[in-house]
Structures are given as structure tokens and as C-alpha cells.
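*Asks:* the sequence and its predicted three-dimensional model are supplied below.
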Amino acid sequence: MACFLAPAATAIITTSVRKKIAPKYHLEWLNTMLWGGVIMLAVEHIAHREVVLYPPFLTAMQNPADIPVMLKEIATIGVTMTIAIVLVWTVMVLIANKAAKIHKKKIQLVTT
């Protein structure tokens, strides 16, 4: 229903602070992963008519009984997806920074 709202909120935050974060953390990777996931999920939800392009936008908001189900989905599936994306990004950054250090050491050995 609305699981894409959790990664969307995270993407909005990370996009807004991207200039304040050191380049070694490759925040652009995280933003790309988050926004890509949000777009894919939004398109999928639109295709299944769970999201519509007119108010209230989320079809679950039309029936008050569906709102707790929607909020539970956001809290469980959406947050889990967001955590998974952040974990993958963390591993990518660790590997990239480790590889950069190794590459830098090799260059220093060759030039000395």
C-alpha cells in the first residue's frame, strides 16, 4: 500500500544533507538506491491501483479501517527495506574505501 514512504522519507533527508557529508561516504550511491527503489515501488503501487493520482492518493486512506494496516505495512516492510538498502550501501562504502586505500598504497610503493 504505502511501504515506499519509509525509503522516500529517508531519501528526502539524505538528499537534503548530501552537501554536508564527506565524499568518502558516497552518499550519492545511497540516494540513487533509495530514489530508485521509491520510484520502482511507486510505479508498482500505481499499476496495482494502491496509489492513485488524485486525493487522498493512497487508496487505503479512503477506508479508515485500512489505515492501521497501511501504517503497519510502512512500519514493517518499508522500514525493513530501508534498513536493507542502508546496509547494502554501508558494505559498498566499506569495500570502496578499503579498495581505495589498497590502491593508494600500491601507487606509493611504485613511486618510491
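*Replies:* Okay, I see it.
*Asks:* how about the residue most central in space within the chain: what's its closest non-neighbour residue?
*Replies:* With distances taken as C-alpha atoms, centre = their mean, Leu34 lies nearest the centre of the chain, 2.4 Å away. Once flanking residues are discounted, Leu34 sits nearest to Ala11: 3.7 Å by C-beta to C-beta, 6 or more residues apart in numbering. Any C-beta I mention is one placed from the backbone N, CA and C, and that applies to glycine too.
*Asks:* if we can go back for a sec, in a helix, that's where the residue nearest to the centre of the chain is, yeah?
*Replies:* Yes: the assignment for Leu34 by DSSP: H, G, I helix; E, B strand; the rest coil puts it in a helix.
*Asks:* quick one: contacts for it?
*Replies:* Listed by C-beta atoms under 8 Å, 6 or more residues apart in numbering, the contact partners of Leu34 are 7-8, 10-11, 14, 82, 85.
*Asks:* mind checking pLDDT for Leu53?
*Replies:* pLDDT for Leu53: 86.
*Asks:* and what of Val86?
*Replies:* 98.
*Asks:* do the same with Gln62
*Replies:* In the predicted model, Gln62 carries a pLDDT score of 85.
*Asks:* what about it, distance to Asn97?
*Replies:* According to C-beta to C-beta, to the nearest Å, Gln62 stands 47 Å off from Asn97.
*Asks:* kindly report the same for Trp89.
*Replies:* The spacing between Trp89 and Asn97, counted by C-beta to C-beta, is 12 Å.
*Asks:* then Ala42?
*Replies:* If you measure Ala42 against Asn97 using C-beta to C-beta, the figure is 32 Å.
*Asks:* looks like Ile74 contacts Ala9 (just checking).
*Replies:* No: the criterion here is C-beta atoms under 8 Å, and Ile74 misses it with Ala9 at 9.4 Å.
*Asks:* Thr14 is in contact with Leu27, isn't it?
*Replies:* Yes: taking C-beta under 8 Å as the definition, Thr14 is a contact partner of Leu27 at 6.0 Å.
*Asks:* and Ala42 and Asn97? which has more neighbours close in?
*Replies:* Remark: of Ala42 and Asn97, Ala42 carries more neighbours, 16 against 13, as counted by other C-beta atoms under 10 Å.
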